[in-house]
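J.: Need a 3D model of the sequence below.
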Amino acid sequence: MSRRAYLIWLIVIITGLIYWWKPSPTIENAKDHQRVSDTVQTFNGYTMTNLANYEGQFRVLSRENYRSGREAELSPVDFALGWGAMADPSVYKQLSIRQSNRWYYWRYENQPPIPRHEIETHSANTHLIPANETIAKQLADVDQDDLIYLKGHLVEVKSADGWMWRSSLSREDTGNGACELMLVEEVREL
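T.: You can find the predicted model right below:
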């Protein structure tokens, strides 16, 4: 093997190891839209079912506060979160990112900084339900571009009148229904 080929293989292996060791959010034992836990609790007059444990280190790409509507009673803030390559400012700063009406939007000029599929599967709009007032205050202090750790559960919320809000359990979905709905039990700025 030539010295050049050896160096190329070494770079590929090191790059793979760095990518493999990067923290990313985990959905413990979750498969697409499969309930993994039947823990049900009453929360602010709603019935909440834990679907999966969820935790990870994220970059806050954008944040949007909400004050009106049924969803705001539960989730007063959404974070557009990035992990892996989408937590890297040299990548996500090349995108135009915004949130509106519980949606997360991104676009780019000319060509994306990383493949589109990687942008889609390494970022998500996350509706955050604070587990208590302390968590609510901590979430209120988080700013765009902060690196944070979140831990809690992806949930489904129902009301007595039949209204329902359910988290996605997939990393591959996009569009309507692809957002995470997270009961946040721990938040730390890193």
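J.: list the buried ones in the longest strand along the chain?
T.: Secondary structure of the chain read by DSSP state E shows that its longest strand is strand 46-65. Of all the residues in strand 46-65, those buried under the rule 16 or more other CB atoms under 10 Å are 46, 48-64. Every C-beta, even on glycine, is put in place using the N, C-alpha and C of the backbone.
J.: C-terminal to it, what's the next element?
T.: helix 70-74 (DSSP states H and E).
J.: okay, whatever helix or strand comes next after that next one in CSV with CA atoms only?
T.: Going down the chain from helix 70-74, the next helix or strand is strand 77-82, by DSSP H and E. Only the C-alpha atoms of strand 77-82 are listed here, as CSV (Å, rounded to 0.1, in the frame of the first residue of the first chain):
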residue,chain,number,x,y,z
VAL,A,77,-41.6,27.1,23.9
ASP,A,78,-40.3,25.2,20.9
PHE,A,79,-36.6,24.8,20.3
ALA,A,80,-35.3,23.9,16.8
LEU,A,81,-32.5,21.5,17.9
GLY,A,82,-29.4,20.2,16.1
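J.: May I have the strands that pair with strand 77-82, each with its orientation?
T.: Strand pairing for strand 77-82, determined by DSSP bridges: strand 46-65 (antiparallel), strand 123-130 (antiparallel).
J.: So for L183, which of these sits nearest?
T.: With CB to CB as the measure, strand 123-130 is the member of these nearest L183 (4.8 Å).
J.: how far does that closest one sit from the chain's center?
T.: 6 Å (CA atoms, centre = their mean, to the nearest Å).
J.: which other residues reach that strand?
T.: Here strand 123-130 makes contact (CB atoms under 8 Å, 6 or more residues apart in numbering) with 43, 48, 61, 71, 74-83, 86, 92, 99, 102-104, 106, 136, 138-139, 150, 155, 157, 165, 168, 178-184.
J.: try 6 Å this time
T.: Strand 123-130 is contacted from outside by 74-75, 77-82, 86, 104, 136, 139, 179-184, using CB atoms under 6 Å, 6 or more residues apart in numbering.
J.: avg pLDDT for it?
T.: Summarised as a single mean, pLDDT over strand 123-130 is 98.
J.: what's the following helix or strand after it?
T.: Next along from strand 123-130, by DSSP H and E: helix 133-140.
J.: Show me what that next one packs onto, helices and strands only.
T.: Applying 3 or more CB pairs under 6 Å, 6 or more residues apart in numbering; DSSP states H and E, we find helix 133-140 packed against strand 123-130, strand 180-189.
J.: taking these together, which one is wrapped up most tightly?
T.: Across these, averaging neighbours per residue (mean count of other CB atoms under 10 Å) puts strand 123-130 on top, at a mean of 24.
J.: Output the below-cut-off pLDDT ranges for the protein.
T.: The chain contains residues with pLDDT under 70 at 1-38.
J.: Make sure A85 is indeed in a strand.
T.: No. Looking at A85 with DSSP: H, G, I helix; E, B strand; the rest coil, it is helix, so not inside a strand.
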